[in-house]
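> sequence plus predicted model, see below.
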Amino acid sequence: MTKKFAVIFAMLVFVAAASAQPRRPGALTTAPPTGTVEVTSEPDPLNDFAKRGLPEPYVLGLQPSASLARSAVAKVLKYDEDSLPVLIAIIQKAGFHIIDKNQKILFRPMDGSNGMAFFDFEVVGMLRSATLGTVTTIDRLGNTFAAGDADLIKFDIPNKLLSDLRAARNSKDAQTQFFATVISELGKGASDLATASPAQARINLMQASLIERRYLSDLVATYEEAQATNFLRWDRRQMIDRNTVRFVNASWRPIAFDPCETLKTIEKVQGYESKGKKVIKMFGGSVPSIANFPKTIFEEKFKKLASGFEKFNTVIAYVKLIMANLNIEADVQIADPIPYIRTKKMDWPGDGEKLITAKFRISFTASEEINCTAKALKITTGLELEVPDDGPLKEVPLKWEPILEGKGVSRHTGYPLQLMSTDPARGDLSKQKTDANGQNQIKIMGKPQSQPLADPLVPQMKNPALRMSVATEDMDAAKDIPKIIFGARWGVASLIEFAPDLLAKMALKNYRISVPVRDWQPCSEDWGGYIIYKKKLQLPIVVKSSRTSNGNSTGDGFRRIEKEEEVSVVLNPRTPEQIAAKAPTKPASYRVIGRHSDIFDGVRENDPCCGPTEGKYTTKFREGTITKFFGTFQKNFYVRINGGDRDYSLSFDFGTEPVKANIHQFYEISETSCLLEYGESKSDDSEGVISLSDSLPDGRYPSRYVNDAGDIYQGSKTLTGADGSTITWEWALARCRK
């Protein structure tokens with residue numbers, strides 16, 4: 001999983017008091033900035049959802065199949081930054097819409113609609129709950145649907161669910177086979193649905209949600225079939241109106257009352273009925289068999305089954321809503337003064353011990369909906385729930401660790417700090433815990449130098465980073481997670497539990513803390529310091545089609561080109577002794593990371609040919625390439641600074657070594673009236689290399705600091721590239737005078 005790393009190197013700041021020197025044109029005589037503590041939460045689509053919404057779906061490309069299901073689910077179960085985009089793509093490929101609470105369609109189905117939908121919060125909530133080991137069983141699921149009715153219990157829905165799932169994995173319908181394989185594969189590690197009994201068949205909330213929503217679609221189809229034969233006598237409008245886009249109430253009757261207005265988007269089953277679309281039945285042997293009851297009692301059994309759906313859906317909607325909207329906030333303070341002054345010696349640490357104090361709060365960004373859903377649960381199930389409260393995150397496991405960069409021994413020797421626990425009972429930094437006020441403290445201390453440093457020395461600003469993980473694998477899932485997320489009482493344990501042996505990625509949130517440290521470096525005529533280059537491009541292009549030799553079009557549509565690049569260069573100056581001995585110039589240390597994408601969403605309308613068959617064919621498609629790259633290496637970097645005390649000019653350029661790149665190329669058909677088009681689908685993942693280059697033109701850029709010892713250049717410049725991109729250069733450089 002690719003993470004965003006800070007550059008562990010900063011400007012050189014001279015010991016001599018610059019303020020004592022006369023002011024020179026083009027130079028500043030004040031001291032350069034010393035840096036500040038920075039605390040950022042590491043990127044995570046699950047944690048970012050409450051503020052940013054869903055990310056763009058991953059493009060699976062190929063048609064639904066069992067092999068595609070297995071490869072896609074494997075990506076989800078990595079629980080990394082791609083897991084949520086891939087899960088969104090799986091849900092689309094299985095035929096579902098994804099909508100927001102205002103019923104706006106966010107993402108449409110691929111390869112045919114099954115007429116149902118998921119809320120955006122459900123997708124996030126089901127994935128996060130799975131990472132926390134949340135499970136139910138097929139037995140609980142099916143018996144909840146039966147709603148305590150003796151005849152429905154005899155009907156043995158749990159066993160029929162399992163048998164239908166097993167049969168669907170061999171279905172001749174590609175989408176059904178894909179969907180059933182997805183459900184089975186998502187539960188790897190929990191139970192084997194091919195052999196488990198209903199009571200043994202543990203399923204996570206991803207599996208349970210998919211089963212419930214697809215089973216409901218067949219229930220809807222059964223209702224319509226029965227209605228066509230006049231078996232049912234209640235008002236059809238209470239259930240569904242296929243002439244308009246609306247939600248379906250699980251019980252097809254009003255509940256006792258609406259606790260609040262927002263409940264209208266929560267207590268209803270999230271179904272989107274697409275006009276003219278036929279529901280593809282997966283559980284064909286289960287629900288339609290209800291029609292075998294005598295006509296006089298069919299209506300009664302159908303209502304019972306619907307009420308079971310309402311209970312289960314409302315319970316898991318409550319869990320998923322909380323999971324999607326929980327937000328952990330951290331306030332981190334480091335005792336002044338900053339920066340920490342590291343020792344110049346090998347036998348003592350430097351500026352003594354400093355405390356890092358972290359305070360944590362938990363809040364829920366959709367508190368109104370959560371409260372309303374809890375009230376709905378009481379109405380529909382009788383369950384008493386304690387709604388989660390905002391406040392301190394008490395007695396929660398916490399993990400601290402240094403973020404080491406580089407290779408070999410230098411990963412450790414280059415890190416200037418030591419981290420220590422303040423709690424004698426919890427000396428292990430990976431097993432800390434917050435107190436009753438949601439607070440935890442650790443100590444930092446400078447690390448003695450690993451080798452002697454010869455004068456003259458200049459300060460070297462570094463920003464070593466720590467990672468702080470909240471709610472780690474050290475948690476007791478059965479006790480801690482309900483307490484943290486759901487309050488003191490856990491009122492849905494009859495349906496859902498936490499299985500400690502299924503924990504996949506326990507950390508609820510990760511933070512990165514950069515600590516300014518003044519280290520030391522021998523000063524010489526070589527330039528020392530760093531240069532950081534960042535490039536960002538977002539280029540939308542409207543594409544007009546052209547005609548190919550057979551008369552078909554290339555497609556009208558919208559093309560998006562996006563680029564994010566970061567190149568960090570750390571200069572490695574020689575010591576005065578090495579220069580005197582004419583030692584070779586040391587190469588700089590490079591770190592390169594980025595992402596390029598070029599995606600075209602298009603439509604070809606009224607094409608005259610579908611293979612050898614003439615007609616009028618329309619195809620909607622998506623094609624493109626996504627490239628992610630990362631690499632580190634060493635290579636010479638030349639700083640060009642010209643001029644004297646009165647004026648100067650500065651410029652840079654770089655060309656990186658080839659770095660490894662992961663390349664995802666795809667062509668995906670979302671809808672077509674020419675089935676031959678599906679043969680062109682592709683999804684290829686390969687490895688390649690990529691090189692970057694750019695230059696900062698000559699200029700007199702701020703700021704320059706001078707004294708008798710030498711020069712310091714610190715500044716930044718933002719430019720617009722020839723392709724319309726935004727390019728930012730940042731640098732901090734220093735050298736001693738001859």
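On my side now, so go ahead. Numbering: from 1, shown residues only.
> which phi and psi does Ala168 have?
Ala168 adopts backbone torsions of phi -70, psi -20, taken as degrees, to the nearest 10.
> mind giving me the domain split of the chain?
Under the assignment named as automatic domain parsing, the residue ranges that make up the domains of the chain are 9-31+522-738, 45-324.
> now the shortest one: average pLDDT?
Read that as domain 9-31+522-738. Averaged across domain 9-31+522-738, pLDDT comes to 84.
> in space, what's closest to Ser546 - neighbours in sequence excluded?
With sequence-adjacent residues excluded and distances taken as C-beta to C-beta, 6 or more residues apart in numbering, Ser546 is closest to Thr554, at 5.2 Å. Where you see a C-beta, it was placed from the backbone N, CA and C, and this is true even at glycine.
> for that neighbour, give me its contacts.
Counting by C-beta atoms under 8 Å, 6 or more residues apart in numbering, Thr554 touches 545-548, 602, 604.
> go with 10 Å
When contacts are counted by C-beta atoms under 10 Å, 6 or more residues apart in numbering, Thr554 touches 543-548, 600, 602, 604.
> from Asp607, how far off is it?
10 Å (C-beta to C-beta, to the nearest Å).
> quick one, helices of the stretch 251-400 of the chain?
Counting by DSSP state H, counting those that start in this stretch, the segments of the stretch 251-400 of the chain that form helices are 295-325, 367-381.
> buried residues in the shortest one?
Buried positions in helix 367-381, judged by neighbour count with 16 or more other C-beta atoms under 10 Å: 369-377, 379-381.
> over to stretch 510-530?
Judged by neighbour count using 16+ other C-beta under 10 Å, the buried positions of stretch 510-530 are 510-524, 526-530.
> rewinding a little: identify the contacts common to Thr554 and Asp607.
Once C-beta under 10 Å, 6+ apart is applied, the residues that Thr554 and Asp607 both contact turn out to be 545, 547-548.
> between those, which sits nearest Ser209?
Proximity of these to Ser209 was ranked by C-beta to C-beta; the top entry is Ser545 with 39.4 Å.
> that closest one: which element?
Using DSSP states H and E, no element contains Ser545; it sits outside every helix and strand.
> please name the nearest non-neighbouring residue to it.
Here the residue nearest Ser545, using C-beta to C-beta, 6+ apart, is Ser553, at 4.0 Å.
> what is the burial count for the one you found?
Here the count is done by other C-beta atoms under 10 Å, and Ser553 has 18 residues near it.
> against Pro697, how distant is Ala465?
As judged by C-beta to C-beta, Ala465 and Pro697 stand 32 Å apart.
> okay, these two: which has more neighbours?
More neighbours sit around Ala465 than around the other of Ala465 and Pro697, counting by other C-beta under 10 Å; the figures are 20 against 11.
> gap between the more buried one and Leu127?
When C-beta to C-beta is the yardstick, Ala465 and Leu127 sit 27 Å from each other.
> hmm, back to that, closest one of the shared contacts of Thr554 and Asp607 to Lys78?
Looking across the shared contacts of Thr554 and Asp607 and measuring by C-beta to C-beta, the closest to Lys78 is Ser545, at 38.1 Å.
> about what we covered before: how about the shared contacts of Thr554 and Asp607 in TSV, adding distance to Thr726 and neighbour count?
Listed next are the shared contacts of Thr554 and Asp607 as TSV, based on distance: C-beta to C-beta, whole Å; neighbours: other C-beta atoms under 10 Å:
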residue	distance to Thr726	neighbour count
Ser545	31	16
Arg547	37	11
Thr548	37	12
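> got the residues you listed as CSV, with distance to Ile99 columns?
Putting the shared contacts of Thr554 and Asp607 into CSV (distance: C-beta to C-beta, whole Å) gives the following:
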residue, distance to Ile99
Ser545, 30
Arg547, 37
Thr548, 37
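> of those residues, closest to Ile90?
Looking across these and measuring by C-beta to C-beta, the closest to Ile90 is Ser545, at 30.5 Å.
> which residues does the closest one contact?
Ser545 makes contact with 552-557, 602-605, 607 under the criterion C-beta under 10 Å, 6+ apart.
> now list the buried members of these.
Neighbour-count burial (16+ other C-beta under 10 Å) applied to the contacts of Ser545 gives 552-553, 555, 557, 602-604, 607.
> so Lys354 makes contact with Ile444?
Yes. Lys354 sits in contact with Ile444 when judged by C-beta atoms under 10 Å, with a separation of 5.2 Å.
> and the two? Which one has more around it.
Neighbours around Lys354 and Ile444, counted as other C-beta under 10 Å, are more numerous at Ile444. The numbers are 24 against 18.
> just the shared contacts of Thr554 and Asp607 now: which is nearest Ile593?
Looking across the shared contacts of Thr554 and Asp607 and measuring by C-beta to C-beta, the closest to Ile593 is Ser545, at 36.1 Å.
> with mean pLDDT added, can I get the helices of the stretch 251-400 of the chain in a markdown table?
Listed next are these as a markdown table, based on pLDDT from 0 to 100:
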| stretch | mean pLDDT |
| --- | --- |
| helix 295-325 | 76 |
| helix 367-381 | 75 |
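> adding distance to Lys479, write those out as TSV.
Converted to TSV, the helices of the stretch 251-400 of the chain look like this (distance: least, C-beta to C-beta, whole Å):
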stretch	distance to Lys479
helix 295-325	17
helix 367-381	21
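> in a strand, that's where Ser182 is, yeah?
Just to correct that, residue 182 is Val rather than Ser. No. Secondary structure of Val182, determined by DSSP: H, G, I helix; E, B strand; the rest coil: helix, with no strand assignment.
> distance of it from Phe155?
According to C-beta to C-beta, Val182 and Phe155 sit 26 Å apart.
> more neighbours: these two, which one.
Counting neighbours by other C-beta under 10 Å for Val182 and for Phe155 shows that Val182 has the greater number, 25 against 21.
> mind jotting down where the helices sit in the chain?
Chain-ordered helices for the chain, with DSSP state H as the definition, fall at 45-52, 66-76, 83-93, 120-131, 138-146, 150-154, 157-168, 174-186, 205-228, 295-325, 367-381, 410-413, 477-486, 576-580.
> now distance to Pro337 too, for the ones you listed, in TSV please.
TSV is the format used below for those (distance: least, C-beta to C-beta, whole Å):
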stretch	distance to Pro337
helix 45-52	33
helix 66-76	47
helix 83-93	42
helix 120-131	40
helix 138-146	58
helix 150-154	71
helix 157-168	63
helix 174-186	52
helix 205-228	49
helix 295-325	40
helix 367-381	40
helix 410-413	26
helix 477-486	36
helix 576-580	30
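> out of those, flag the one nearest Leu719.
With C-beta to C-beta, the closest approach to Leu719 among the helices of the chain belongs to helix 45-52: 27.8 Å.
> so what does the closest one touch, helix or strand wise?
helix 83-93, helix 120-131, helix 295-325, strand 326-334, strand 509-514 (3 or more C-beta pairs under 10 Å, 6 or more residues apart in numbering; DSSP states H and E).
> spit out the contact partners of Val59.
Listed by C-beta under 10 Å, 6+ apart, the contact set of Val59 reads 85-86, 89, 92, 110, 599, 622-624, 626, 664-668, 683.
> cutoff 8 Å now
By C-beta under 8 Å, 6+ apart, the contact set of Val59 is 89, 599, 622, 624, 626, 664, 666, 668, 683.
> quick revisit: can you pull the residues that touch both of Lys354 and Ile444?
Among the neighbours of Lys354, those also in contact with Ile444 (C-beta under 8 Å, 6+ apart) are 334, 340.
> wait, what's in contact with the nearest residue to Val124 once chain neighbours are set aside?
In this structure, Val124 finds its nearest non-sequential neighbour in Ala324, 4.0 Å apart by C-beta to C-beta, 6+ apart. The neighbourhood of Ala324, defined by C-beta under 8 Å, 6+ apart, consists of 46, 49-50, 121-122, 124-125, 128, 366.
> what of Ser524?
Counting by C-beta under 8 Å, 6+ apart, Ser524 has contacts 573-576, 578-579, 735-736.
> just Ile485 next, same as before
The neighbourhood of Ile485, defined by C-beta under 8 Å, 6+ apart, consists of 322-323, 326, 388.
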